[in-house]
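Visitor: no sequence for this one, just the structure:
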């Protein structure tokens, strides 16, 4: 029987698992809740127990697997296979992850941070079409991403490669970012960033708009509300989406002027707006990209959704292939 | 005897040659004028003749060399070892370069574009300190550069990786660039770009300044004049240098937010301003870089000067090493 890959996507709410073929097809997947109590000390044992349980259920042994890959929040030491400062897991201190899982299961283990792992997934079987040059931008609670250049995931000298959310796109007049800088992409293109842009535009907008009215009345408005209203033709919301798209177009064009990837893949919750968002980002991308880049780099929407994590994690384990 | 590397830096005015040891030390170097007459058809034969002449002079044969590397202007096909559209050589049509040199000399040949090759040089034995993650920005007649990420020179899908000069840093109010876009780094940080920034600031500046007076009088002012005056304390020129440094700080910080290289190395004629420029770029780099990037990525001035080309070209040839 051909050996399989195991992918684990460790998140603050759930831990997702997948058993994949060597070509990236998910054969089995499941999830368990993340128990972050007691400094997250149950997380690794829960992962081990769940793996053992499922392997028994499917009649699989360690010899059926090439390796296990995992994506984790926090700061990942890929060599020591440890995680530090994953605050949404209550892992402030350095956690032994790989050594425990390898000892308990006898399967080689690899780990990287969650944004990088999702990038690997989208590049492998998603919108990246297995190209050697792909950049992933994820628009969610924050804005993250990953860079694959000449076939390699780029970590940089201190592991901060791919901090796409902290590209400064509004140096003079931008919003303050949680990182302490001003005008980061994250401040205008995350789910809360879109609402922040709407609030600023609402201060000057004079027309009628249910979204502007809701903002002015102090009601809760989400990024999804704004995109939905824009799709329905609300003029105010269309201005907001256009402004967000301009920021994204500038950032993706500048990434491409530096790296000329085959594609920039936009994922995360905000990307649920799909072609409506993509076409608008592309309009500005075209304006800001160098002519040769404009002709060769494509702007795409991610295809894998929540599975990007387990697929990318599994791809990490493919380095243990021996033939 | 240990085998050597041969590096060729092909430019519109001169062709520079170097014989290097495997650790990047130049043992011999020489140059010939570039004869661009008759559609540049003499260039490749001149290179062959010069190589044969010098090898005879030094008593070297093809067996003394691992390989020959070359940096060329224009659009380089690395696989076919041809060059297209090198207009400063009068090479509009595709030129056979590698096939001719390999046939004439019997030494393996590799080629890449001049900016990439200079990047390899600065990374190998210059300011890049042989680190796997280095970005080179060259401020000359134009602004060019190259990206080395995880040990690989990044060409991108259409060879337009490293178009650092076309990062858009002033999307709203920028100058028009030769590429057709608005607000590219090249329009404000090349030698002519610095003067362009000075002209714009001169329109509003009200104080006394010999440089402003020269601009207002329509006299020729160079980038070097402006840097020299700034070093002498001319308040107007200091404002100009500060503005150029801000643009460079923004661009280098954003490159670093994406790639977190060990260093960004600034070279080219404008970088002759040295620490005076570097410290000012670093001030803005620090403002715009993500905290983890700010702590780990360094802004440096190039160290190799005109030798970067032959050294980087020689390093291209090191791929032919067999042991």
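Guide: Perfect, thanks for sending it. Bear in mind that the values here come from a model prediction, so they are computed numbers and not experimental data. Residues are numbered from 1 along each chain as shown, chains lettered A, B, ... in the order given.
Visitor: strands along the stretch 1-150 of chain A, start to end?
Guide: Using DSSP state E, counting those that start in this stretch, the strands of the stretch 1-150 of chain A run over A:4-10, A:14-20, A:26-33, A:65-72, A:75-77, A:82-84, A:95-96, A:109-113, A:134-139, A:143-149.
Visitor: what packs against the first one?
Guide: Using 3 or more C-beta pairs under 8 Å, 6 or more residues apart in numbering or on different chains; DSSP states H and E as the contact test, the elements touching strand A:4-10 are strand A:14-20, helix A:43-57, strand A:65-72, helix A:114-124, helix A:308-317. C-beta coordinates here come from the backbone N, C-alpha and C atoms, glycine included.
Visitor: what helices and strands are in contact with the last one?
Guide: When you say that, I think you mean helix A:308-317. Judged by 3+ C-beta pairs under 8 Å, 6+ apart, the packing partners of helix A:308-317 are strand A:4-10, strand A:14-20, strand A:26-33, strand A:65-72, strand A:109-113, helix A:114-124.
Visitor: then the longest one?
Guide: Applying 3+ C-beta pairs under 8 Å, 6+ apart, we find helix A:43-57 packed against strand A:4-10, strand A:14-20, strand A:26-33, strand A:95-96, helix A:98-105.
Visitor: one step back: could the helices and strands packed on strand A:4-10 go into JSON lines alongside distance to residue B:182 and mean neighbour count?
Guide: Below are the helices and strands packed on strand A:4-10 laid out as JSON lines (distance: least, C-beta to C-beta, whole Å; neighbours: other C-beta atoms under 10 Å in any protein chain shown):
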{"stretch": "strand A:14-20", "distance to residue B:182": "44", "mean neighbour count": "22"}
{"stretch": "helix A:43-57", "distance to residue B:182": "50", "mean neighbour count": "16"}
{"stretch": "strand A:65-72", "distance to residue B:182": "39", "mean neighbour count": "26"}
{"stretch": "helix A:114-124", "distance to residue B:182": "31", "mean neighbour count": "29"}
{"stretch": "helix A:308-317", "distance to residue B:182": "35", "mean neighbour count": "29"}
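Visitor: in a markdown table, list those along with mean pLDDT.
Guide: Formatted as a markdown table, the helices and strands packed on strand A:4-10 follow (pLDDT from 0 to 100):
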| stretch | mean pLDDT |
| --- | --- |
| strand A:14-20 | 97 |
| helix A:43-57 | 97 |
| strand A:65-72 | 97 |
| helix A:114-124 | 95 |
| helix A:308-317 | 96 |
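Visitor: could you dump the ones you listed to CSV with distance to residue B:83?
Guide: Formatted as CSV, the helices and strands packed on strand A:4-10 follow (distance: least, C-beta to C-beta, whole Å):
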stretch, distance to residue B:83
strand A:14-20, 44
helix A:43-57, 54
strand A:65-72, 42
helix A:114-124, 32
helix A:308-317, 37
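Visitor: most tightly packed of the strands of the stretch 1-150 of chain A?
Guide: Most buried of the strands of the stretch 1-150 of chain A, by mean neighbour count (mean count of other C-beta atoms under 10 Å in any protein chain shown): strand A:134-139, with a mean of 30.
Visitor: before I go, just wanted to say thanks for your time.
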